[in-house]
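**Q** 3D, please:
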Amino acid sequence: MRQTYIVSYDISHPKRLRKVFKLMRGWGNHLQLSVFQSELNARELVELRTALAEIIKHDEDQVLFVDVGPVEGRGASSINAVGRPYTHPERHALVV
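**A** Below is the predicted model of the structure:
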């Protein structure tokens, strides 16, 4: 089952920040500065956390994962905005 996660990060060094941003672009939708929305299954969550752990400096940086629920349930409607409206990104099928 796929879950929707909000991934937010606070990286103290610009070089690591760029690496984390580039990694996250492949794993989700960029919502705001250091915030992404990702739809992941359990295996993908472990892969992403492992990849991030290899980039960050554990005593200086922080990455937060907020599980907002199943993709087809609450996860699709749990983000609201004040100001510029939030638009849920279109989902596209990817055949590999």
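**Q** flag the shaky bits of the chain, pLDDT-wise.
**A** Along the chain, the model assigns pLDDT under 70 to residues 73-96.
**Q** just checking, what's the longest helix in it?
**A** Assignment by DSSP state H gives helix 42-55 as the longest helix of the chain.
**Q** the helix or strand that it is followed by pairs with which strands?
**A** Going down the chain from helix 42-55, the next helix or strand is strand 62-70, by DSSP states H and E. Using DSSP bridges, the strands paired with strand 62-70 are strand 3-10 (antiparallel).
**Q** list the contacts for the closest residue to Asp10 other than its chain neighbours?
**A** Excluding the flanking residues, the one nearest Asp10 by C-beta to C-beta, 6 or more residues apart in numbering is Gln62, at 4.8 Å. Using the backbone N, CA and C atoms, a C-beta is placed for each residue, glycine as well. The contact partners of Gln62, by C-beta atoms under 8 Å, 6 or more residues apart in numbering, come to 9-10, 56.
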